[in-house]
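1. coords please:
(chains A and B)
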Amino acid sequence: MSDMTEDTILEGCLRNDPAAQRELYNRYSPKMLAVCYRYSHSREDAEDMLQEGFIRVFSQIHSFQGKGAFEGWMRRVIVHTCINILKKNKKFNESVDLIHAHGVLVREEFVPSIVQAKQVVECIRLLPIGYRTVLNLYAIEGYSHKEIAEMLDIEESTSRSQYTRAKVMLEDILLKKNIIQKPKQRSGWFAAITRR
Amino acid sequence: MEKNFYTDEFEDFLKEKADRYKMYPTERVWKKIYRQLHTYRRWTMYGVSAILMGASFFGGKLILNGADSWISQSKNPHATNLSKNTLLAHPAEPNELIIAANNINLGPKHLADNTLQQDIDQTRKSNRNSLTVAWLNPGLMNAGNSSADQIADQISSSNSTPADITVDNSGDLSLSNEYDSDIHSDVSLSINENTKNVISLRNNKINLFPPFNVGRTNIDYRSLNKITNGINPEELFDALKKDPVQEAAAKASNTVAMMTPSDPLREEITEKNLPVLNRRKVNVQFYIGPTISYRRLTDRSNKINLNNRPLNSLVDPHLDVDSYVEHKPSIGFEAGANALVRLNQTFTFKTGLQFNLSRYQIKGFNYYDEPSLIELNSSTGGQADEVIVSLSRIRNFSGYSERIIHNQYMQVSMPIGLEMRVAGNSKLNFNIAGAVEPTYVLNHDSYLLSTDYKNYSREPSLARRWNVNSGVQAYVSYEKNGLQWQIGPQFRYQLLSSFDSRYPIKEYLVDYGIKIGVSKILK
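-> Got it, this is the predicted structure:
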């Protein structure tokens, strides 16, 4: 990574300078590819999403006005790109509209155990695409159910129910993988307050 | 391993782990991004290279074919190109024939018998002032040697008949200096006073012939008559009056191919040439002109769903989208090259390559980040089945400050059309022209209006790469120094929308401007 500051890089990108664009890409593409990977079916699909996303980032960079972190802005652009690509897939549209999705059979060998971050990401990717997308948008990207409903052209209630089911399913996967442990049962008034 | 994990912390846990994860893309991804981002750079490079190569090719062709002819044409606009490739260096030999040629289309019948005498008689009967006839006496050609035969073959095979002789009422013949624009002639005749070499210039060829006493004017037809009866050519040429030319011509020795552009003999030939009106079939034309670009925007009678949340109260759904958008024309330009093929006196076919830069301005407003929604037409014609969501900071209405955005398109097209000569003469003409132009968009920088008319955002995936334009123009052309200059207004209209058919708002680019062009005869 070079010594260029983020401001210098952004100025260069505004001038359509290839060197600055490359620097920005080098700096953020690993994180953004991981984002795309969570929404995609495969690594190849994720790279296609990343490519499309970065083209959008560079072509819309003039609309970043310096309010907030650039990374956050870029991440939103990339996520929107992933969603647009997913929406072009008919299977995705069917999946995200289904309130009652089928369960997922989790087998031990599906989950690699290299590092924990990767394990978690791979567990997320085991979810059906509709569940996974809502979970990614809500739990990781921080969008509200209203925003998700608008982005995915679904009802807000659908988004909520999808998320609830996704969460249950993912917890189950993580437990089976022993990545998380079951919380100890609490009872009485404390449990009632703290239970969601 | 996470211990003591509580479901309340589930989102934080996921976010932390997911954010920590990184993957490294292959180099292929960056290469694809770079290629897409710098299409303009690449195509500009290709375009400039193509123009330079084209200019080099045509320039080289013109130079190689006739560096000399540029000079001669600058002095005599009617002279034809002299090509070094076609120069005929002919050794001087005694008793060869003078050949002065033109391309009067009288056909080979004049190459024999007593046709000339008949023409002369007819001229006298009809009491016309002059008659231009083609003349060659085969007897003469055969009188001397084989070289003359070769020349005769050459002339007859080039669809030209030699000699350009005028007969006046008094019965005198002369090598004509009169110029008749209806006759396409390209002949000249000159003589070297010292060596008596006769030099003729015909159809881009210079012929050098051996000594005779030859003059340019007032040839006595009775002498000529004798020739037609097969009398020794020396008698004919003795009867001709001398018309001295520059002594420097002698230095041309036996071959005019060695003449330099400044050679006085060349100038003599050029200046005393019979004027030539060139009506060659293939011309090359270069043109450039400023244009004013604009667009027509329509949603085709409200076919789109005006389900625009913030604007429902503002818009009248019966109005077209054009009513809700404020846009202004901008200046662009076009440049190109055409090959013109003359079909007849009235019509000319043209085709070539053209580069256009079209652009216009849109008034918008800065605003905070908000989603821009583009609802795409359903392929079945029903409700929108796909919505593209992107972030936008530009609003069509009410924002916190005004902002002008520019949409621009760089296109290359291939005009295929016809030009029609409406009025004029050999120099000045009025023409109209029309063409259809298959077009490829090299690059574009354009904002799309969201289908709720609320925001502007970029969506390159909806741009149409291939399109068709139509163009009409009227122009005045003026011919000078072998070049035809033209100027006139033109109008260009894009027949298909700039965007994919799924985007419900249609945009048709319009360009109007002044086109300035120059045409050069190629061959």
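
2. Pick out the residue of the stretch 251-400 of chain B closest to chain A.
-> Relative to chain A, the nearest point of the stretch 251-400 of chain B is residue B:393 (4.3 Å; C-beta to the nearest C-beta). C-beta: built from backbone N, CA, C; applies to glycine.

3. And that residue, how far from residue B:367?
-> Distance, residue B:393 to residue B:367, using C-beta to C-beta, to the nearest Å: 6 Å.

4. ok, the residue of the stretch 251-400 of chain B closest to chain A - contacts?
-> For residue B:393, the contact set (C-beta atoms under 8 Å, 6 or more residues apart in numbering or on different chains) comprises A:63, A:65, B:366-370.

5. Could you check the pLDDT of residue A:17?
-> Listed pLDDT for residue A:17 reads 85.

6. what's the answer for residue A:33, then?
-> 92.

7. May I see the buried residues of whatever helix or strand residue A:161 lives in?
-> In the assignment (DSSP states H and E), residue A:161 maps to helix A:156-176. Neighbour-count burial for helix A:156-176, counted by 16 or more other C-beta atoms under 10 Å in any protein chain shown, picks out A:158-159, A:161-163, A:165-167, A:169-171, A:173-174.

8. which of those come close to chain B?
-> A:167, A:170-171 (C-beta under 8 Å from any C-beta of the partner chain).

9. Quick one: neighbours of the nearest residue to residue A:150 once chain neighbours are set aside, just the number.
-> Leaving aside its chain neighbours, residue A:150 sits nearest to residue B:371 (6.7 Å; criterion: C-beta to C-beta, 6 or more residues apart in numbering or on different chains). Neighbourhood size, residue B:371 [other C-beta atoms under 10 Å in any protein chain shown]: 17.

10. Describe which strands the helix or strand where residue B:371 lies pairs with in its sheet and in which direction.
-> In this structure, residue B:371 sits in strand B:347-376 according to DSSP H and E. Using DSSP bridges, strand B:347-376 pairs in its sheet with strand B:327-342 (antiparallel), strand B:386-395 (antiparallel), strand B:401-413 (antiparallel), strand B:416-424 (antiparallel).

11. got TSV for those, with distance to residue B:518 and mean pLDDT too?
-> As requested, these are exported to TSV (distance: least, C-beta to C-beta, whole Å; pLDDT from 0 to 100):
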stretch	distance to residue B:518	mean pLDDT
strand B:327-342	11	89
strand B:386-395	43	81
strand B:401-413	20	90
strand B:416-424	15	90
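
12. Give me whichever of these is most buried.
-> Mean neighbours per residue, mean count of other C-beta atoms under 10 Å in any protein chain shown, is largest over these for strand B:386-395, with a mean of 21.

13. Only alpha carbons, please: show that strand as PDB.
-> Taking C-alpha atoms only, strand B:386-395 is exported to PDB below (Å, rounded to 0.1, in the frame of the first residue of the first chain):
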ATOM      1  CA  GLU B 386     -37.400  -5.300 -11.900                       C
ATOM      2  CA  VAL B 387     -36.400  -2.200 -10.000                       C
ATOM      3  CA  ILE B 388     -32.800  -0.900 -10.000                       C
ATOM      4  CA  VAL B 389     -32.000   0.900  -6.800                       C
ATOM      5  CA  SER B 390     -28.900   3.100  -6.600                       C
ATOM      6  CA  LEU B 391     -27.800   5.900  -4.400                       C
ATOM      7  CA  SER B 392     -28.300   9.400  -5.600                       C
ATOM      8  CA  ARG B 393     -27.400  12.900  -4.400                       C
ATOM      9  CA  ILE B 394     -29.100  14.700  -7.300                       C
ATOM     10  CA  ARG B 395     -32.800  15.500  -7.400                       C
END
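
14. right, and out of the contacts of residue B:393, which lies closest to residue B:352?
-> Nearest to residue B:352 out of the contacts of residue B:393 is residue A:63 (C-beta to C-beta; 39.7 Å).

15. May I ask which helix or strand encompasses the closest residue to chain A within the stretch 51-200 of chain B?
-> Going by C-beta to the nearest C-beta, chain A is nearest to residue B:51 of the stretch 51-200 of chain B, at 23.0 Å. Element membership for residue B:51, per DSSP H and E: helix B:39-75.
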